[in-house]
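Trainee: next comes the sequence, and after it the predicted model I'd like to discuss.
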Amino acid sequence: MLTKEYRICMPLTVEEYKIGQLYMIARHSLEQSDAGNGVEVVENKECEDPEHGKGQYTEKRIHLSSRLPYWIQAFCPKVFYIVERGWNYYPFTITEYTVFSRDSSVSTYLKTN
């Protein structure tokens, strides 16, 4: 398993970032959803973790069939999507992506310096 850590200084507080992040996720999902393509929210519910406390679990399908180049569409199934599972225990989040049984996970922790 490959682990990389990035530290990015931002000109915002953690609370300001949270508001902006929620807004941009909703806006991007709306802009990219048209005629059965884009983002499909499969599940969105509250969850609880003994270590991180209460949070929000979201499972999405990001449909990409019509967004691929034509030469790739010939090899991919008609229904092609990426599954995104997210556990948001703000300021700690875990996001997993699954494509053709291949998994990738990103853990994010936001804190004020």
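Mentor: Alright, I've got the coordinates. Numbers count the residues shown, from 1 in each chain.
Trainee: in this structure, which spans are helices?
Mentor: 14-32, 70-73 (DSSP state H).
Trainee: pick the most deeply packed of those.
Mentor: Each of those was scored by mean neighbour count; the highest is helix 14-32, a mean of 12, by mean count of other Cβ atoms under 10 Å. Any C-beta I mention is one placed from the backbone N, CA and C, and that applies to glycine too.
Trainee: contacts made by that helix with the rest, please.
Mentor: Met10, Leu12, Gly38, Val39, Val41, Lys60, Tyr90, Pro91, Leu110, Lys111, Thr112 (Cβ atoms under 8 Å, 6 or more residues apart in numbering).
Trainee: mind running it again at 6 Å?
Mentor: Gly38, Val39, Tyr90, Pro91, Leu110, Thr112 (Cβ atoms under 6 Å, 6 or more residues apart in numbering).
Trainee: mind checking the pLDDT average for stretch 26-35?
Mentor: The average pLDDT within stretch 26-35 is 78.
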